[in-house]
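Student: I would like the atomic coordinates for the input below:
(2 chains)
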Number of protein chains: 2
Amino acid sequence: MKIRELKAILKKKKLDFALFYSTGIEPNPNMVYFSRYYGMGALIIPKTKPPFLIAPEMEYERARKSGIKNAYKMDRKKFFESISIILRKKGIKAKNIGIDKSAFTLLAYKAFKKHFKRAKTKDLALDCLRLRETKTEEEIRIIKNAFNYGNDIIKKFIKNIDGFKTESDAAAFLEYEAKKIGLEMSFPPIVASGKNASMPHHMPKNTRLQKGFCVIDFGIKYMGYCTDMTRTIYIGKPKKKEMKIYSLLLKTQKSLAENIKIGDNCGKIYERCVKSLGKYSKYFIHGLGHGVGCQIHELPNLTLNSKDKIQKNMIFTIEPGIYIPNKFGIRIEDTLLMEKKPVLLTKVSKDLLII
Amino acid sequence: MKIRELKAILKKKKLDFALFYSTGIEPNPNMVYFSRYYGMGALIIPKTKPPFLIAPEMEYERARKSGIKNAYKMDRKKFFESISIILRKKGIKAKNIGIDKSAFTLLAYKAFKKHFKRAKTKDLALDCLRLRETKTEEEIRIIKNAFNYGNDIIKKFIKNIDGFKTESDAAAFLEYEAKKIGLEMSFPPIVASGKNASMPHHMPKNTRLQKGFCVIDFGIKYMGYCTDMTRTIYIGKPKKKEMKIYSLLLKTQKSLAENIKIGDNCGKIYERCVKSLGKYSKYFIHGLGHGVGCQIHELPNLTLNSKDKIQKNMIFTIEPGIYIPNKFGIRIEDTLLMEKKPVLLTKVSKDLLII
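Tutor: This next block holds a predicted model:
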């Protein structure tokens, strides 16, 4: 996606090519974004010539079946040496190189400098994030499909909710429903019941679901694109005060999500949330939202003092929460697509489900 | 684990403390190893004083419930500034700092240097890997339990094998069985049938299981520790030649696994494999094995020219494979614990299962 736009940046920054790499089993998000290749190796996007992949022999077939036509084999043990040899053979200058400094480790850089001694590097991390923060028509089509899958799975989850005994059991159901039809997960699903719900990133435990609020935070990955959604349910009989706090959060979340406009300042949206939560805002201990794309956390940042602005074709979450340590936690999260108005991608009821 | 040993290294290298961090949702393996904390934040291990964690507010409760007693809150947006303030308050010098350069990005280093202007850094990446390559008694207990779970799941998988229609479906079963009892995965399971099996890192597809060899590569994570195992089955009726190649691979794998001795050179073990595979060795396109621990790929490296030596209490895989592009692929992988002799942790039959 947006290879042409990246090439324009390379020209402007006077860079010979962009280099993205992965040496391990974790795919590099920019490599995935530009090439649809999920493996080990490097993606080179020259300023003028067509992009190509360089992959170790064991990954070569996967590389050839990615979104990039040209692939070459490398010696995995001579990672950057192999890259420099191929570049020389292809007659591509390597004086000024664009890299993603947020995904380039100090150790890799040391190895890189051995074979690119006189090269100067410039950081493309933010440029890539900025390219990725507004989605293309093609991406929006894929992402809408992704949310159709995600929404169906959470609905099936809710239908089956009486059958779950433990947090792990419930979380595993979400994954199983996704994976058996070939989807991946955006992140390990969170099912946090009782006191555990007061930890926003609680990992599901193999213990009985506790009474009280239960936070379910879950996303799938379809064709490389993430979904994200949180619903809070109640196990048992909620107290009046708990109902009141949930209503406050729901009202806040709905009002924020419905009233976002193109051009809005993200820091200001966060402030609106804090104002709406009133005295409970001190228990709101994370950002209000984030962009969603190839990675689960992308731009824009809907956090305190963020200067990001809402643009057309951005996809982002609105997820206020209230966490009272060692007592309970609640969170409601939708993902929105910004057209003229915000369009809800997470079409699943937010009324408090009591079981 | 081995915090005392790390402190000895800090003294030897004249370092004031070791710093490990994670700014995203991916846990830092050394932070996990030394602290059992899986979240965002930093782990500081001073040369003399007790170790402590620094975590953003939303992760603070998780940090306090980890293996490290002391935890402090940080401002996530002022990551390294927060760390430097806490260090100053605690009166800990920050002149010489040990970091893991294999997990420290260029961007993070730039932010770090702003607040640790005069600090010198030394790399601890290899020291940590070396500490982790032989396991403690406690780790071995955990890992043996992990393999009990892993072995049970693959046996259950084999019992249910007639019911799987697609690669995704089969892979999802492996994950579901693990996750519903609160386990995690070491890596996304591989189920590669037909031609797909010729790609060692093929991602399962939502298409019918193809006839021919089918490679199943799978591991779970229990209390932070990985398991790893590959079995190859046959769907349909194998040709004589296919049976012969499988037998060659099995004979090779068994003979290598059974004959490993303390002190063996890992490069030499790899060479034995190449010799045993004979003319098929050109289709053996990856390493023979790797250490397994908090990460799925650790030391020792059983690869060409590796100088690593087999030591007592190492845990590593032996996984020869033969991959004929666009035709088929086979791999047999066990994980071994090195006691006086190698002890098989993956106690699951390797005879070719034909279905």
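Student: only C-alpha atoms for contact and neighbour calcs from this point on.
Tutor: Noted.
Student: Give me every residue in the stretch 51-200 of chain A lying close to chain B.
Tutor: Within reach of chain B by C-alpha under 8 Å from any C-alpha of the partner chain, the stretch 51-200 of chain A has these residues: A:57-59, A:61-62, A:101-108, A:168-173, A:175-176, A:179-182, A:199-200.
Student: Spell out the residue ranges of the helices in chain A.
Tutor: Per DSSP state H, chain A carries helices over the ranges A:3-12, A:29-35, A:60-64, A:79-89, A:106-115, A:125-133, A:137-159, A:167-179, A:240-258, A:266-277.
Student: how far does the third one sit from the chain's center?
Tutor: A distance of 25 Å separates the C-alpha centroid of helix A:60-64 from that of its chain, computed with C-alpha atoms, centre = their mean, to the nearest Å.
Student: what does the longest one give?
Tutor: Distance, stretch centre to chain centre, for helix A:137-159: 15 Å (C-alpha atoms, centre = their mean).
Student: Now it: average pLDDT?
Tutor: Across helix A:137-159, the average pLDDT comes to 96.
Student: Burial check on residue A:292, number of neighbours?
Tutor: With neighbours defined by other C-alpha atoms under 10 Å in any protein chain shown, the count for residue A:292 comes to 28.
Student: give the contact list for it.
Tutor: A:226, A:227, A:228, A:298, A:299, A:315, A:316, A:317 (C-alpha atoms under 8 Å, 6 or more residues apart in numbering or on different chains).
Student: Tell me the spacing between it and chain B.
Tutor: As defined by C-alpha to the nearest C-alpha, to the nearest Å, residue A:292 lies at a distance of 14 Å from chain B.
Student: What values do phi and psi take at that residue?
Tutor: The phi/psi pair for residue A:292 (degrees, to the nearest 10) reads phi -130, psi 130.
Student: Residue A:50 too?
Tutor: Residue A:50 adopts backbone torsions of phi -70, psi 150, taken as degrees, to the nearest 10.
Student: Could you count how many residues lie near it?
Tutor: 12.
Student: Then residue A:328?
Tutor: Residue A:328 has 21 nearby residues by other C-alpha under 10 Å.
Student: quick one, what contacts the residue nearest to residue A:263 when sequence neighbours are not counted?
Tutor: Counting by C-alpha to C-alpha, 6 or more residues apart in numbering or on different chains, residue A:310 is the residue found nearest to residue A:263 once chain neighbours are left out, at 5.1 Å. Each residue near residue A:310 by C-alpha under 8 Å, 6+ apart is listed here: A:261, A:262, A:263, A:264, A:265, A:266, A:300, A:338.
Student: Out of the residues you listed, which sit inside strands?
Tutor: Judged by DSSP state E, the contacts of residue A:310 include A:300, A:338 as members of strands.
Student: residues contacting the residue most central in space within chain A?
Tutor: By C-alpha atoms, centre = their mean, the mean C-alpha position of chain A lies nearest to residue A:296, the distance being 1.1 Å. Shown in contact with residue A:296 (C-alpha under 8 Å, 6+ apart): A:186, A:187, A:226, A:227, A:228.
Student: which one of those is nearest chain B?
Tutor: Nearest to chain B among those: residue A:187, at 8.4 Å, using C-alpha to the nearest C-alpha.
Student: What degree of burial does the closest one show, as a neighbour count?
Tutor: Residue A:187: 18 surrounding residues under other C-alpha under 10 Å.
Student: Chain neighbours aside, what residue packs nearest to it?
Tutor: Nearest non-adjacent residue to residue A:187, counting by C-alpha to C-alpha, 6+ apart: residue A:219, 6.6 Å away.
Student: Okay, that neighbour and residue A:183: tell me how far apart.
Tutor: To residue A:183, residue A:219 is 10 Å away according to C-alpha to C-alpha, to the nearest Å.
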